[in-house]
Each structure stands twice: as C-alpha cells, then as structure tokens.
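J.: attaching a predicted model along with its sequence, questions to come.
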Amino acid sequence: MFGAGGGTSSYKEAEDTDLIILWGSNAREAHPIFFHHVLKGIHNGARLFVVDPRKTTSAQWADTWLGLDVGTDIALANTVAREIIQAGLANSEFINRSTSGFDEYAKSVEPFTLEKGEKLTGVPAELIRKLAHSYAKADRAQLCWTLGITEHHNGTDNVFSLINLALLTGHVGRYGSGIVPLRGQNNVQGGGDMGALPNKLPGFQDVETDAKARLRFEARWGTSIPAKRGWHLSQMFEAMERGELRTLYVIGENPAQSEANVSHAISLLQGLEHLVVQDIFLTKTAELATVVLPASANWVEAEGTVTSSERRVQRVRKALNPPGMARNDIEIICDIAKRLGHDWGHPTAEEVWDELRSLSPIHAGMSYKRLEELGGIQWPCLDENDPGSPFLHGRLWQYPVVGPLAPFTPVEHIPALDTLSDEFPIRLTTGRRLDSFNTGVQSGGFTSPLRKPETLNISPQDMDKFGLVDGEVVSVTSRRGSIHAPVLKDATLRPGLAFMTFHFPDEVDTNSLTIDAWDPKSGTAEFKATAIRIEKITGIQDKAKSSSRAEALT
Amino acid sequence: MNDGIALAIRRSIKITVDGKEVAAPEGSTILQTCRTNGIDIPTLCYLENLTPVNTCRLCMVEVEGSRTLVPSCSRKIESGMVIQTESQRVSDSRKMVLELLASSVDMSIVSPELAGWMERYQVDKERFGPPAAPGQIGGREKTRAGHHHKNDGTSAATVAEPTKVDNNQYVRDYSRCVLCYRCVEACGTDAQNTFAIALGGRGFEAHITTEFGVALPESACVYCGNCVAVCPTNALMSKIEYDLRQVGGWDESKQSITRTICPYCGVGCNLEIHEQDNRIVKVTSPSDHDVTHGMLCVKGRFGFEFING
C-alpha cells in the first residue's frame, strides 16, 4: 500500500479489532487459518461484514452480508464513501493531516447516492448505509479482501476504492485498524517482494524511477539493467500473439489450465518457438514444452524463504530428498547461467538471501538466524536490531506526518466487460472450495472426503426456471467457448448468478468460458465475471465433457 | 492466552509452592505459575491453546485451607496461597485417576509425557480386574442414560469397541478415548468453530460423537484434523499412521521432524513435516506459533500426498 505492495496489518489484529470487513473474500474456505483469527475476533465481540455476490460460508458468520452484483465493487465503495461524508462521519482530522486529494475524491463519489448505489450494486440502500456508518464509527476496523476484488478488468481500481475508504475513516496505521489483501498462494507476496513484477527490483524498488537503487543493483551484479519495465503475464500473451515473444521459460506456473480463455492461451503456447517449463509435475503446460526441467518442491525439498499475507518472511526447509532427477531451482538456474556464459558458482539458499538483504533495505535485518529465532519477521526490517513491523504506516498518525501524505485515488465505476445480454443472461463467477486449490495440480493428490465432482452451481430459482434437476448435465456457453457440466442447486446464489471453480480442468474446463480481458494496471484477468447461457441438453447424462478443450488439443 | 502488553501491566502475585516462594502475574493459573517456575504438574485434558475444561482431574493440587483438591489448570493464583503439588494426597489421587482410566481405556500408545506420568505414579491398569470383552461398534451411541449395567466384579468394564474407519483422512478409535474433551474444544469455539462433534451419553456411556452418531462423511466435519492434533491418546489418528501401524510400519525412531511453510494459500502456516523413509507420514503445526496456534486446514494437514507421489 502507498508504494510497497503488502497488507498493513497482522492477523492477530483481527482478534482485537471492533469490526472486520471481508470484501470479495471467502476466507472461511480460501484462507481457513486466517479465518480462525477472524473467529476469535467475533468471539471477542467484533462485528463481521461480508461483501460477496455469494452468501458464502464466511458470510454465514457475518452480522451483515452485502450480496452485490458481480463487478460493482467500486460503485458500492463509492456509495459507502458518499454516505460517510454526507453523514459527517469522515475522519477530517486524519484526512487533513495525513492525506492528499480529498476534495477531488469527495467530488468523484458525490453522484453515488444510496439510491443510485442500490440500483448499481443490487445491495439494499439500508445495508449500504449500515456498512458505511458501522465502519466509520468503529474504533478499530480491518478491511480485508482477496481475489473477489483483484480478478476483475479493473482490479487495481477496485483496490484503490477500498484504500480510499480506509483513508476516509482513518482505519489504517493503527493497531487493529488496517487494510489486508489476503494472498492466494504461499509466496505470492514473496514473489512481489523479490521483484517478480514487471517494474520492480527486489524490495519494491522501481526500475524506471529509482535510479539510485538501479545503480546499486548494477554495481552488485556487475551489469547494466534496462531502466524500462517488462511485460506482465497478460502482456506476454499479447506479445506472443503479435509474434514478438517467441521463447518462454515458465517456472512453477500452469498457464495451459489457469489462464482465462484457456483454449486461446494454449494455441499461443503451441505457437512458441521454444518453451521451457520448470515444474514439480508434468503439467498440461509442461506437456507442450520443448524442454522440461524437473524441479524440487521448494516448500519441503529445498531451503529458502516465503512471505505471507502479513508480510512475514518465514523459512521453508528441506525435509525430503527430491525424487529422480529433480533439482532445486537455484541449482537449475545457476547451471543455465553457466551454459549462457556466466559462472555464478553454487550458492546456497542462504547466500542468495544474504545478497538480497544487501540490496533490499526492507529485508536487510532478516538473517536466517533471526528468522529462525523469531519465527519469521515482518517487513520492513531495516537492520539486525529491528524487530520488524507488525503493522505499517503508523507514521500517518505522527505529528507532523513523517514522509509523503497518503493519496486518495478517485476511481470510476466501469461494469464487467463481458456484458449480460439476452443471449448470455447469467453471470458466472469463479472461486475456490475448501479442500481444493487452483488447477488441482497439488490438491488433486489427496482424496478429500469433502470433494464432489465439479458442478455448475445455480440458484434454486434458476433451477426451477430452466426445469433442471441436481446432477443434470447442461451446456454452458460463453462468448468464448462451450462446455458441458452437471448442475447443482445452491441456495447461497441469487437468481442470475452461477458459480464454478477451476479445480478440475480435466473434467470441467471452466477457463474455456472465462474472459481474457485484463486489468491494464495489474495484468490480472477477469476470472470473476463471465456472461453465460445455460441450455438443457437431452441424451447426455454421463460425465461432463469439455468440448472446447478437446478441440483445442487436437 | 494474553499478549505481552497485557502481561506487562499486571501485578505480580506471590505464592508458596512446595515450600518455595514463587511469583507470577495476576490472573495466572496455578499450573501456569508452576510450569513457568519449573515445577512439573501432570495434565491430560489441559492444552495451552484450549480453554480448561477440568474433566481429567489429573492436575489436582492441594491448596492450604481448601477442603478438596483444586484443579491447577483453571484455578487462578491468589496472594499468599500455599500449595502442595506432590503430597501423598495428591499422588494418591493422580494414581487413582490414571488407574481408573487405564482400566477402561487402551492407553498403550499415549503421548510420551503421559506414559511417563503413568510410570511415575506406578499405575496398575489391572487393579480393578482384567478388562471385560469389547463392545460393538457404536454400541455406546445406542445406549440410553440409565441403561448401563454394573458387571459382576470379575473384570473391569472397558470402553473398547472396534475402530471407526469411515473416510480416507483419519480414524476414530474410541477404545483409546479418555474423554478429555480436547477434540470437542478444537472443533468448537476454541479453534475451528465447525461443531461436528460433541459429548453424547451419560455416565460410563459418555462418548464423543457426531450429530446423531452419523459417520464422518455425513457429519459437519471439514477434515481439518485439528481434533487429531490435540488428541493425547491417539484415539484420533490419521489414516496414513493407522494403516502403517496396522502393518507394523510406523517407526518414530526412523522419523525426522522439519519445520517449513504450507504450500497452499498465502496465510503462511507453519508445518512440522514428519518424515519416514523419505516420505511425509504426518503433518502437524507448532502450537506455540502465533499464526496457527497448532491448527491447520484440510489442505495443510492432509494435502501432501502429491509429494509422496
């Protein structure tokens, strides 16, 4: 937030806060142990608001559930903001002292009356008002979100709309008050920390604007670094389409199943001149590769670190020897470097980490020894006497404010790009189930008693409307593809809303339906909002088959 | 559990334990005070991360002026208390508690500490006679209150019944259950808040059960295995461990435990990988780490099979 990409708070704060908002997050299933902290907070008296199109298992714990229409988060946030301002509940002392751009922001939310908000989002005005007043009046409040906010064509703007609310109420920079993006994978945060972003060097140092940092890296690495951002994943696929990107080195990612509009993605991967895949499995992507480099599983077959959603860097350790020819990523990368004419020796994970610490100030104090002793350290940790930072931006509460003011960022409500029409009248959204994970490469390995075959979940009203029964295989069609899937009646859904996961792409290839429109700021695709139609089919009652998938691979 | 800030501002209370003066912050229990001062008190139902339920009566100590023994796990210290943790009365009581349990429950593979306490108090598990024949699976679930019949005195009634194997993740062997209640607490408000299990029945027929005694797959269980993690007697055991034990393949002397981080979502749960023969045979989480407090979800605890291949 405000420069470095990471949540401001510690999980523990959810236990000690007065109000928790889960916005586009079904933490009960997707982040179960974070939800334990939320539950402790609830038992300690905190109120929970859940903003989600589905009445999820998280929403079932909420005081108030706001079931908004998919893709209307900004409209809702702006309506909440206007109500807070109109009711005189904005924290003007904090706004005046610690933020910038309030007037412009206030103007931008002015049209979002409760009535208009209700119309745009489908959430009753009274509930929007309740959220606004409760959040603004709470002594301490945590605002948490997940992919329900970011997997949209305007994911970054969605995030800004929530940060604006925290600034408006002063719910940031204090113990118990903060903004928390819950990361979907065990090292998404760490990937960002380490500079796996098109415009950042490790430690969130900007490759284009921070010339000093770039010079330090150049000096240490003995090479020059182009002062120009690279491509993010969605741009890479576009570059493949233009024929500009012809060689791809994929480490630990399965885009042949995880990309939106996946049949198109597969055809682009197939069109590459050279595809290298380094993974612990022979994934569908690896099957397309020219060269496959078998890697060790970093969390249990190698040494290293990962960073969690509370910015806590923690050690992963080797408990097992990797199977067969699999080797750890550092060895593989160093060997490739050597073949390319650069001898980097055989550094240990700790030596690589120590180099990182010498270049990334926010990690400087995190020696392996200290990480061990303290059970992980939260960045920034500037030197070896620094205990780390359980929460960020306390500076915004100092008199006078130290460092730059926190800017409001006015954002515009732009509805989901895959618009509903007579031809595609149902909104399909996607998510996770408790016992599965992403494309199922890992979670498919264990037999969960909870797991049921993938289904297209629809509301009881729509079941009746289409004359369907549980388990009936239907045809599901979007503007990109068509699949067959069994339907399941799901009372957590409202009429017009359908839900699927992409945990079982081999059985039901959900991503051949999703839209590959992406957020120009983050590169994240709009997995959460697809327009579909559901059609009864006669004569097919067997296992769901993915027609578009079959076509794509032949 | 209280955080460091709250502890720092609490008054220090002085008490006498086994003739020695010790001090602890106001609000501490006798057990916490003793353990911080290096005085060992055996416990069975108590676990740092769970609310004390006072069911096992193993941690009882003698408090001067108190008619009965008091449970040290939940009794808070008061200024000037004089406590005996190992008087004859205390050790007689503990011996009897353990003998009553051992006479009716299979305590052959309990935690090493519990085994140590049984040795310390010279527990004779056949003091009340040889064990009676085992019951039917689910027998206690069918018994109604008041329908328990005293046996003839030649054998000791037991809770023995066949192991419940009804899913691929964990088994329930209630022959080993001492009704410590930890699993119910971990499934309930202390951690998981799923409420899949509770205490059913009365008196000797009291047992841990799902709603209406249904099999786990029909219950509210979400297979987090937090009940398994807190069980002190291995009544709850992962299916992998159970299967290995069945064929004599479970060998803790060949196991190593390594701390790492869960490979799934971004919460960063600490895992302890129990490795045997270069395979993961069990996953636990350290109870003293403030992300998990020893608790995991189904993926973290059971979702490692992809590594074993």
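T.: Cool, the structure landed. Numbering: from 1, shown residues only, chains lettered A, B, ... in the order given.
J.: now do residue 141, the pLDDT please.
T.: Reading this off chain A. With respect to pLDDT, residue A:141 scores 98.
J.: ah, I was thinking of chain B
T.: For residue B:141, the model assigns a pLDDT of 75.
J.: please apply the same query to residue A:342.
T.: Confidence at residue A:342, expressed as pLDDT, is 93.
J.: against chain B, how distant is it?
T.: 30 Å (C-beta to the nearest C-beta, to the nearest Å). For the C-beta atoms, the positions are set from N, CA and C on the backbone; glycine is no exception.
J.: my guess is that residue is in a helix, correct?
T.: No - counting by DSSP: H, G, I helix; E, B strand; the rest coil, residue A:342 is not part of a helix but coil.
J.: residues near it, how many?
T.: 11 (other C-beta atoms under 10 Å in any protein chain shown).
J.: and for residue B:45?
T.: Residue B:45: 23 neighbours (other C-beta under 10 Å).
J.: pretty sure it is touching residue B:181, no?
T.: Yes - with contact defined as C-beta atoms under 8 Å, residue B:45 reaches residue B:181; the gap is 5.8 Å.
J.: from the stretch 101-250 of chain B, which residue is nearest to chain A?
T.: residue B:167 (4.2 Å; C-beta to the nearest C-beta).
J.: tell me if that residue really is in a strand.
T.: No - secondary structure of residue B:167 (three-state DSSP): coil, not part of a strand.
J.: so where's the stretch 201-309 of chain B shaky on pLDDT?
T.: By pLDDT under 70, the stretch 201-309 of chain B contains no weakly predicted segment.
J.: let's see that with 90 instead.
T.: Within the stretch 201-309 of chain B, the stretches with pLDDT under 90 are B:201-205, B:212-213, B:305-309.
J.: show me where it has helices.
T.: All helices of the stretch 201-309 of chain B, identified by DSSP state H, counting those that start in this stretch, fall at B:226-230, B:239-246, B:298-302, B:305-308.
J.: so can I have JSON lines of those helices showing distance to chain A and mean neighbour count?
T.: Below are these laid out as JSON lines (distance: least, C-beta to the nearest C-beta, whole Å; neighbours: other C-beta atoms under 10 Å in any protein chain shown):
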{"stretch": "helix B:226-230", "distance to chain A": "9", "mean neighbour count": "26"}
{"stretch": "helix B:239-246", "distance to chain A": "10", "mean neighbour count": "16"}
{"stretch": "helix B:298-302", "distance to chain A": "5", "mean neighbour count": "25"}
{"stretch": "helix B:305-308", "distance to chain A": "3", "mean neighbour count": "17"}
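J.: tell me which of those sits nearest to residue A:500.
T.: Across the helices of the stretch 201-309 of chain B, residue A:500 has its closest neighbour in helix B:298-302 (19.5 Å, C-beta to C-beta).
J.: now tell me what touches the closest one from outside.
T.: Outside of helix B:298-302, the residues within contact range by C-beta atoms under 8 Å, 6 or more residues apart in numbering or on different chains are A:32-33, A:434-435, A:437, A:443, A:446, A:448, A:450, B:169, B:222-226, B:228-229, B:238, B:262, B:264-265, B:269, B:271, B:283-285.
J.: of those residues, buried ones?
T.: A:32-33, A:434-435, A:437, A:443, A:446, A:448, B:169, B:222-226, B:228-229, B:238, B:262, B:264-265, B:269, B:271, B:283-285 (16 or more other C-beta atoms under 10 Å in any protein chain shown).
J.: just these: which are in strands?
T.: Among the buried ones among the contacts of helix B:298-302, DSSP state E puts B:238, B:271, B:283, B:284 in strands.
J.: quick check: residues of the stretch 1-150 of chain A near chain B?
T.: A:11, A:12, A:30, A:31, A:32, A:33, A:34, A:36, A:39, A:43, A:61 (C-beta under 8 Å from any C-beta of the partner chain).
J.: farthest-separated two in these?
T.: Most distant of these, by C-beta to C-beta, are A:30 and A:43, 21.1 Å apart.
J.: between these two, tell me which one has more neighbours.
T.: residue A:30 (26 against 12).
J.: would you mind measuring from the more buried one to residue A:503?
T.: Applying C-beta to C-beta, to the nearest Å, the value for residue A:30 to residue A:503 is 12 Å.
J.: spatially central residue in the chain, please.
T.: All of this is about chain A. In chain A, the centroid-proximal residue (C-alpha atoms, centre = their mean) is residue A:147; its distance is 4.2 Å.
J.: looking at chain B here, not the other one
T.: Most central in chain B (C-alpha atoms, centre = their mean) works out to residue B:232, at 3.6 Å.
J.: what's near enough to touch that one?
T.: B:44, B:110, B:111, B:114, B:178, B:180, B:182.
J.: do residue B:51 as well
T.: B:185, B:189, B:190.
J.: could you do residue B:263 as well?
T.: A:186, A:297, A:299, A:300, A:442.
J.: now the second one. Nearest residue, chain neighbours left out?
T.: Setting aside the residues directly before and after it, residue A:297 is nearest to residue A:280 in space (C-beta to C-beta, 6 or more residues apart in numbering or on different chains), at 4.9 Å.
J.: likewise for the last one?
T.: Distances taken as C-beta to C-beta, 6+ apart put residue B:306 closest to residue A:442, at 5.0 Å, once the chain neighbours are dropped.
J.: might one say that residue B:33 is in contact with residue B:16?
T.: No - contact criterion C-beta under 8 Å: residue B:33 and residue B:16 do not qualify, at 10.9 Å.
J.: what does the residue lying closest to residue B:290 once chain neighbours are set aside show for phi and psi?
T.: Nearest residue to residue B:290, sequence neighbours excluded (C-beta to C-beta, 6+ apart): residue A:12, at 6.4 Å. When read as degrees, to the nearest 10, the backbone of residue A:12 gives phi -50, psi -30.
J.: how far away is residue A:12 from residue A:37?
T.: If you measure residue A:12 against residue A:37 using C-beta to C-beta, the figure is 7 Å.
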